[in-house]
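1. Quick check, what structure comes out for this input:
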Amino acid sequence: MKNIVIAGGSSGIGLALVQNLLSTCNSITNISRSPCAVAGVKNIRADVTDPTALKKAFDTIERIDAVIYCAGFSLAAPIECVKRKDYEYLFDVNILGAIECTKLAIPKLQKSEDPRLIYLSSSGGAAPIPYDGFYSAAKAGLVPLAYTVRMENPKIKSTAVIIGGTQTRFSFARTVYDDCETHNARLKRAADSLIKIEQTGYSADFVAKRIARIISDSTPPPKVTIGTKNKLELFAYNLLPWRIKLYALCKKFGIGND
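-> Down below sits the predicted model:
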């Protein structure tokens, strides 16, 4: 792969991708609010929630062979307590920014011999996370987006990558509401359980190496789940009746005895 653009390559899985891909491509451009510290990366400072800034960023990039959308924001809050500005920002980062990047990238990707478009989705999009439903909903939307890009632009090999718990600082950047009255104890248990799942999950390097394989695959599918454990869990979850699904999710996130 020659010229890669990564949205959100300054930390977490995005940074691990930079470290894994830099030696195998001509150039990597990182688009994010904070610069990527890896030598040899071209940094363009832009917020994925700002369409004007994104357009300026893509206008400066002459050639694109692949775009990887890594930006993410998580919010732990009961549905009835969350502030509109918080969930609007969450959707801006997790899916609306991906849509804007897709719109801007497609004309340039069409000129590539083998264009790729990769979205970092989440297992939470398939098996929702209690008190993180907005994140689950936004990440779930990336899967049909990848399929739709393929239908409308068959030349572009778009893939939504389903990622489970991963060991990054993302766990500790999550906004957690703590003033929701009757929800407080359950919310804290769910949020703490989610951190434990993430911090005992796969390393960012492990995930990045598997995404790199998808980029080099001549026929990547439109949806890929990373890790055997995640594949087995989601396979089993999809087989369960809905009542058992909800029970299992509540138990997983520490709210099953309420």
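2. Next, the residue nearest to the spatial centre of the chain: phi, psi?
-> The residue lying closest to the centre of the chain (C-alpha atoms, centre = their mean) is residue 120, at 3.2 Å. When read as degrees, to the nearest 10, the backbone of residue 120 gives phi -90, psi 100.
3. In this structure it contacts residue 166, no?
-> No: taking contacts as C-beta atoms under 8 Å, residue 120 lies outside contact range of residue 166: 9.7 Å. C-beta coordinates here come from the backbone N, C-alpha and C atoms, glycine included.
4. Could you point out the longest helix of the protein?
-> Ranked by residue count under DSSP state H, the longest helix found in the chain is helix 184-199.
5. pLDDT score for residue 257?
-> In this model, residue 257 is scored at 69, pLDDT.
6. begin at 525 from here
-> Yep, numbering from 525; the last one is residue 781 now.
7. quick one, what contacts residue 579?
-> If you count contacts by C-beta atoms under 8 Å, 6 or more residues apart in numbering, residue 579 has them with residue 628.
8. so it sits in a helix?
-> Yes: assignment of residue 579 by DSSP: H, G, I helix; E, B strand; the rest coil places it within a helix.
9. Next, find the distance separating it from residue 775.
-> Going from residue 579 to residue 775 by C-beta to C-beta, to the nearest Å gives 46 Å.
10. Also residue 683?
-> Counting by C-beta to C-beta - residue 683 and residue 775 are separated by 31 Å.
11. And these two? Which one has more around it.
-> More crowded of residue 683 and residue 775, by other C-beta atoms under 10 Å: residue 683, with 26 against 12.
12. And the strands in the stretch 525-674 of the chain?
-> Secondary structure of the stretch 525-674 of the chain (DSSP state E, counting those that start in this stretch): strands at 527-531, 551-556, 566-569, 590-593, 599-600, 640-646.
13. Which parts of the stretch 675-782 of the chain are helices?
-> 694-697, 708-723, 728-740, 752-763, 766-776 (DSSP state H, counting those that start in this stretch).
14. So which bits of the last one are buried?
-> Spelled out, that is helix 766-776. For helix 766-776, burial by neighbour count (16 or more other C-beta atoms under 10 Å) applies to 769, 772, 773, 774, 776.
15. same deal with the second one?
-> Along helix 708-723, the positions that meet the burial threshold by neighbour count (16+ other C-beta under 10 Å) are 710, 711, 712, 713, 714, 715, 717, 718, 719, 721, 722.
16. From these, pick the one nearest residue 744.
-> Lowest distance from residue 744 to those (C-beta to C-beta) belongs to residue 722, with 25.4 Å.
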